[in-house]
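In: any chance you could fold what I've pasted below:
(chains A and B)
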Amino acid sequence: MVDSKQGVSSPKQSSEVGAKISRLLQNQSILLVITLVILGLFFQWGSNGIFLGLGTLGTVLTDWGSYILLAVAQTFVVITGGIDLSVGSVVSLSSVIAGWVLVNGMHADASITGSAANGYLLIATLVSVAVGMIVGLVNAFLINVFKIVPFIATLATMGAAAGLAIIISGGMPLQGPDNHDLGIDWVVGGVELPMSTTVLVVLIVTVIAGLFLHKSRFGLYTFSLGSNAFATRAAGINVERHITKVYVLSGALAGLAGAYAYIRLGAGSPSNGMGMELYAIAATVIGGASLMGGVGRILGVALGTLVLFTVQSGLLMMQVFQVSPDWKQVIVAILIAAAVAVQTFQNKNGRK
Amino acid sequence: MTGEVIYEIKNASKRYGSVVALDGASLKIHAGEVVGLVGDNGAGKSTLVKVLSGAHQPDGGQMFLEGKEVRWESPRQALEAGVETLYQDSGLSPHLTVSQNVFLGREITHKGILGWFGFLNKKKMEHDAHRDLEAVGIAVPASNRAVSQLSGGQRQAVAIGRAVAWAQKVIILDEPTNHLGARQAGEVLNIIRNAKAKGLGVIFISHTLPHVLEVTDRIVVLRLGRIVKDAPTSEFNGDTLIGTITGTIQTIKVEGD
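Out: Numbers count the residues shown, from 1 in each chain, chains lettered A, B, ... in the order given. Here you go, the predicted model:
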């Protein structure tokens, strides 16, 4: 029996309560919920009691839905030990191409409204996702065939996609069907609910992604790849094929975020996704994923994204004392640093 | 007692750029035999292991498993044919649990809908991993623990246990007693004896020569990518083995290859 005794007995702890607290603090999701509660109460006080409400929730979810998709996509990539910088540009490019297909390909314009527009928007969504998958394939190709590190490979496609978005659109937004009155916002008895079809799609995709990551073989290989690529290959897993799947998935979700942006903003514009990749990576890290690979949870990342949204929206509503919204970048930076510090602390205590 | 030749590599060569890592190496392993593979750093042991396990493709030479010529395009093919390998220091994914590591690449899933979305059967894998490791002679605290939380000895035990539990024909162990204390190393040697008793062909690579002398039936010495000596363990003692490895004892090329 090789070394069976060592480590079996529970580590000596000074008190049971202390042990329980330290175990709770090991859990990134619980820390994030605590952070959310504190932020919520703080902004409720700072906004003179208007922050916490269905209105804010609806705005937050609607404004930030596409960011959740990008953060979920980034989680898969980051767990493999990679990074996908191209997702923001994919949002721009896919929404521009979707707009181009509708405007120039199908001659759809703002005269198309209501449910008549739904078919067009579905087409826009499919086109958008396809564009994202193609960029994902290019990323995987650069990483697998040319052995370019993901940071550089996706930096290249980030630039290329952003450039193409400007070229195709001519720098102008492509509008297509009217985005108002599509029935995507849910209204009951004249009251707008904090929910819409687009937000529902985002939530469903997030839940499916979570199941996929934590319960399926695909997810297991994703963790294993980021944990020890050599061992993963030695276990007979086709590492290149898996990397391809992960980057195509990331591209597809970024394309879906592009469709989301197109539908919500009513236009495909080359500025739709500008800078979004940094928020996606920030949400992923705040949510507890490690850029070293092998660690991450969809629940944590979803909560991490919510923390980001809460800070952004909360600052805008501050009344007790005025805070320039420009402070949001500084606060996001502090959150990232804090998240990484917490991770380091957890690692130190978790595995001696 | 040893049986038929189960695994054979003939005249294998491998270069990395201008470096000749393997230069016409030939080796036979019999069923129920423990072959020790020794050599100085850079002698080509790890390269030979990677060729035998399918991780690398040789530039030249042939391989035979149970008399049939084989060519591994990937480690998967070697695994499926019954050749298991424990790689030096890098066999496990530390963030995964014991059972996830034991079943990596061979997961058990629930049926799912039409064969799709078959989620992993975590309970069954945890149960089976525990049972299989125990059968090999390894007791691991809990199969739902992350490997990163295990001690070095426990990790090594899991890696060896996985290899022995899955091996059908041949098992290749690259430095399995590295970083282990004397007692733990003794247990690993027992696991090797059990694998031999099961009729597996065992290739044991080690720098710890007393372990090699203790557990092997035959010793193969590599120097600068060539096999310079292939003889029964009884023909060696500590001094002659070191002399052969470092080249202070002259060797004649083995006959019959």
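
In: residue nearest the centroid of chain A?
Out: Chain A has A:A71 as the residue nearest its centroid, 1.5 Å off, counting by CA atoms, centre = their mean.

In: show the contacting residues for the closest residue to that one other than its chain neighbours.
Out: By the measure of CB to CB, 6 or more residues apart in numbering or on different chains, the closest residue to A:A71 outside its immediate chain neighbours is A:A283, 3.9 Å from it. Every C-beta, even on glycine, is put in place using the N, C-alpha and C of the backbone. With contact set as CB atoms under 8 Å, 6 or more residues apart in numbering or on different chains, A:A283 has these partners: A:Y67, A:I68, A:A71, A:Q74, A:V301, A:G304, A:T305, A:V307, A:L308.

In: host element of A:A283?
Out: helix A:276-286 (DSSP states H and E).

In: what helices and strands are in contact with the next helix-or-strand element following that helix?
Out: On the C-terminal side of helix A:276-286, the nearest following helix or strand under DSSP H and E is helix A:298-317. Contacts of helix A:298-317 with other secondary structure elements, assessed using 3 or more CB pairs under 8 Å, 6 or more residues apart in numbering or on different chains; DSSP states H and E, are made with helix A:28-46, helix A:54-79, helix A:197-215, helix A:276-286, helix A:327-350.

In: what's the mean pLDDT across helix A:298-317?
Out: For helix A:298-317, the per-residue pLDDT values average out at 87.

In: can you flag the weakest of the helices and strands packed on helix A:298-317 by average pLDDT?
Out: Set side by side, the helices and strands packed on helix A:298-317 show their lowest mean pLDDT on helix A:327-350, which sits at a mean of 79.

In: now it: buried residues?
Out: For helix A:327-350, a neighbour-count test (16 or more other CB atoms under 10 Å in any protein chain shown) marks A:K328, A:I331, A:V332, A:L335, A:I336, A:A339, A:V342, A:Q343, A:Q346 as buried.

In: let me know the closest of those to chain B.
Out: Ranking these by separation from chain B, with CB to the nearest CB as the measure, puts A:Q346 on top at 12.2 Å.

In: okay, now the closest residue to that closest one other than its chain neighbours: neighbour count?
Out: If the residues on either side of it in the chain are set aside, A:Q346 comes closest to A:Q26, at 5.4 Å by CB to CB, 6+ apart. Residue neighbour count, defined by other CB atoms under 10 Å in any protein chain shown, stands at 15 for A:Q26.

In: present the buried residues of helix A:327-350 as TSV; the columns should include distance to B:S13.
Out: Listed next are the buried residues of helix A:327-350 as TSV, based on distance: CB to CB, whole Å:
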residue	distance to B:S13
A:K328	62
A:I331	61
A:V332	56
A:L335	56
A:I336	51
A:A339	51
A:V342	52
A:Q343	47
A:Q346	49
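
In: quick one: the most centrally placed residue in chain B from chain A, how far?
Out: By CA atoms, centre = their mean, the mean C-alpha position of chain B lies nearest to B:I172, the distance being 1.6 Å. Applying CB to the nearest CB, to the nearest Å, one obtains 11 Å for the distance of B:I172 from chain A.

In: please name the strands paired to the host helix or strand of that residue in the sheet, noting orientation.
Out: When secondary structure is defined using DSSP H and E, the element that contains B:I172 is strand B:170-174. Strands that pair with strand B:170-174, judged by DSSP bridges, come out as strand B:83-86 (parallel), strand B:201-205 (parallel).
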